[in-house]
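> Attaching a predicted model along with its sequence, questions to come.
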Amino acid sequence: MKRLSLFILMVMGLTIILAACNTGSSVECPDGDTCVEIAPDDSVRLGYMLTISGATSFLGEDSRGGIEIAIDDRGGEIAGHAIELVGEDSLCSAEGGQTAAQKMASDTQLVGIIGTNCSSAATSALPIISDAGLVLLSPSNTAPALTDPDQTWKPGYYRTAHNDLFQGRVAADFAYNELGARSAATIHDGSPYADGLQQVFADRFQELGGTITFQGAVNVGDTDMRPILTSIAADSPDLLYFPIFEPEGNFIADQSTEISGLEDTILFGADGLLVDGFAANTGPAAVGMYLSGPAVTGDSYQELLDKWDAKFGGSPPSGFHAHAYDATNILLDAIDKVAIKGNDGTVLIPRNALRDAITATKDFDGVTGKLTCTDTGDCATGEALGIYEITDAEVSQGKWPPDVVWTP
């Protein structure tokens, strides 16, 4: 009887040992890496840091829609687990980016983040996100400094948006070669995005043979643009380039009509004003204005627009939804590639390996084109850019977006 009892105990012990060996407890994180452990019944947690309130909330709404559609296309799952999407409002400021990054970095179960929208938010967020071992993929940061290792870049940062080294050059080429402008003035708002973009434009415009008559700045929150416009009007430039956001961009366009010396000056904005409310909010002063920004075409893009209409209704409010869709898919592909799966459903996501997998992205077949990531995170080619012209149809009839009138 005692022998039988001892035998039963031995069998039970062996069963327990075998059960333990067949569970996720046998899954190990690679040496030198740190892993996020996803328990069998837990979800894979992704985050977003987007501007979802205030005057630039259209950017966040636009990007979040692209993220959600990409997740839908995967059936809401990755590596055998449901995807959970959590978010923070990074606003469109350094303070907002820092606060959002601190909250995100404190979540040890967070695998990766899509964001930010604005370069100013990314600039302050990057040191925090990078130090936490996380990855941050932006759909709409365009400031050149963010992928420059001698300036703002930190490991773990990537973007599917174009670098403004492309956009500023495209805008200047169009202004000089297509519009025939030979003199230009610029206005920025002090943000890394606007200041960097107007400088690229100015440098390229002068390289082509043009003259920059004025470079100045307004403050976010300013409403009276007449003083700076009056200073610009002293030289009656052929063109005024102001790559800023609403509502400051609206005030500049509208009030320019009041200033003597600017009657024949062409108004030119950038992707920060490529938003469905800009033309209607500005009114007749926007007619004839040009905007540089994303220009995505093709069957896969039309499919994305159809999915947007089915899910949200209507058209996306800004121009970076396709970039957010591509960024999300690059992240999900990388997660799928590096996930270490246990027999019981436990999954480990190695953080360093995830970064390496994203960096290794090559010829990714995205909606915005073929994407290949550099070592410092530039994944876009700059090819999906164009120039839009605002007409009365956008101002008074609600048409959006305006037509692309030129592509490089």
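Okay, I see it. Numbers count the residues shown, from 1 in each chain.
> Could you look up the SS state of Ala82?
Secondary structure state of Ala82, per DSSP: H, G, I helix; E, B strand; the rest coil, is strand.
> Which residue is the nearest non-sequential neighbour of Phe242?
Spatial nearest neighbour of Phe242, excluding adjacent residues (CB to CB, 6 or more residues apart in numbering): Ile187 at 4.1 Å. In this view, the C-beta of every residue, glycine as well, is placed from N, C-alpha and C.
> contacts for the helix or strand encompassing the one you found?
Assessed by DSSP states H and E, Ile187 sits inside strand 183-188. The set of residues external to strand 183-188 that reach it, using CB atoms under 8 Å, 6 or more residues apart in numbering, is 175, 194-195, 197-198, 201-202, 205, 210-218, 228, 232, 235, 237-244, 252.
> Mark which of these are part of strands, please.
Secondary structure assignment (DSSP state E) places 211-217, 239-241 from those within strands.
> about what we covered before: tell me how many other residues surround the residue nearest to Phe242.
24 (other CB atoms under 10 Å).
> Can you name the residues bridging to it?
Note on Ile187: beta-bridge partners Gly216, judged by DSSP bridges.
> sorry, back to before: which among the ones in strands among the contacts of strand 183-188 end up buried?
Buried members of the ones in strands among the contacts of strand 183-188, counted by 16 or more other CB atoms under 10 Å: 212-215, 217, 239-241.
> I'd like those residues written out as JSON lines, with distance to Asp150 and pLDDT added.
As requested, those are arranged in JSON lines below (distance: CB to CB, whole Å; pLDDT from 0 to 100):
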{"residue": "Ile212", "distance to Asp150": "25", "pLDDT": "98"}
{"residue": "Thr213", "distance to Asp150": "30", "pLDDT": "98"}
{"residue": "Phe214", "distance to Asp150": "29", "pLDDT": "98"}
{"residue": "Gln215", "distance to Asp150": "23", "pLDDT": "98"}
{"residue": "Ala217", "distance to Asp150": "24", "pLDDT": "98"}
{"residue": "Leu239", "distance to Asp150": "31", "pLDDT": "98"}
{"residue": "Leu240", "distance to Asp150": "31", "pLDDT": "98"}
{"residue": "Tyr241", "distance to Asp150": "26", "pLDDT": "98"}
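> I'd like the residues you listed as a markdown table, with distance to Ala295 appended.
Below are those laid out as a markdown table (distance: CB to CB, whole Å):
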| residue | distance to Ala295 |
| --- | --- |
| Ile212 | 26 |
| Thr213 | 29 |
| Phe214 | 29 |
| Gln215 | 27 |
| Ala217 | 28 |
| Leu239 | 20 |
| Leu240 | 22 |
| Tyr241 | 18 |
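> Max pairwise distance over the residues you listed: which two?
Spatially, the most separated pair among those is Ala217 and Leu239, at 17.8 Å (CB to CB).
> pLDDT weak spots in the stretch 1-150 of the chain?
1-25 (pLDDT under 70).
> Verify the stated contact: Leu134 with Tyr158.
No: shown here, Leu134 and Tyr158 do not form a contact pair, counting by CB atoms under 8 Å, at 11.4 Å.
> Neighbour count: the two, which is higher?
The residue with the greater number of neighbours, taking Leu134 and Tyr158 and applying other CB under 10 Å, is Tyr158; the counts read 28 against 23.
> per-residue confidence at the residue nearest to Ile232 when sequence neighbours are not counted?
Of all residues beyond its chain neighbours, the one nearest Ile232 is Ala185 (4.5 Å), with distances taken as CB to CB, 6+ apart. The confidence metric pLDDT takes the value 98 at Ala185.
> now the one 10 residues further on
For Asp195, the model assigns a pLDDT of 96.
> I'd say it and Val218 touch.
No: in terms of CB under 8 Å, Asp195 does not count as a neighbour of Val218; the distance is 11.6 Å.
> overlap in contacts of these two?
In terms of CB under 8 Å, 6+ apart, Asp195 and Val218 are both contacted by the residues 188-189.
> hey, where'd the helices end up in the stretch 1-150 of the chain?
Assignment of helices within the stretch 1-150 of the chain using DSSP state H, counting those that start in this stretch yields the ranges 2-21, 57-73, 94-105, 119-131.
> Mind exporting the C-alpha coordinates of the second one to PDB?
Think helix 57-73. The C-alpha atoms that make up helix 57-73 are tabulated as PDB, following Å, rounded to 0.1, in the frame of the first residue of the first chain:
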ATOM      1  CA  SER A  57      -7.000  67.600 -33.200                       C
ATOM      2  CA  PHE A  58      -7.800  66.900 -36.900                       C
ATOM      3  CA  LEU A  59      -4.200  65.500 -37.200                       C
ATOM      4  CA  GLY A  60      -4.800  63.000 -34.300                       C
ATOM      5  CA  GLU A  61      -8.200  62.000 -35.600                       C
ATOM      6  CA  ASP A  62      -6.700  61.400 -39.000                       C
ATOM      7  CA  SER A  63      -3.800  59.300 -37.700                       C
ATOM      8  CA  ARG A  64      -5.900  57.300 -35.200                       C
ATOM      9  CA  GLY A  65      -8.300  56.300 -37.900                       C
ATOM     10  CA  GLY A  66      -5.400  54.900 -40.000                       C
ATOM     11  CA  ILE A  67      -4.100  53.000 -36.900                       C
ATOM     12  CA  GLU A  68      -7.500  51.500 -36.200                       C
ATOM     13  CA  ILE A  69      -8.100  50.400 -39.800                       C
ATOM     14  CA  ALA A  70      -4.600  48.700 -39.900                       C
ATOM     15  CA  ILE A  71      -5.600  46.800 -36.700                       C
ATOM     16  CA  ASP A  72      -9.000  45.800 -38.200                       C
ATOM     17  CA  ASP A  73      -7.200  44.400 -41.300                       C
END
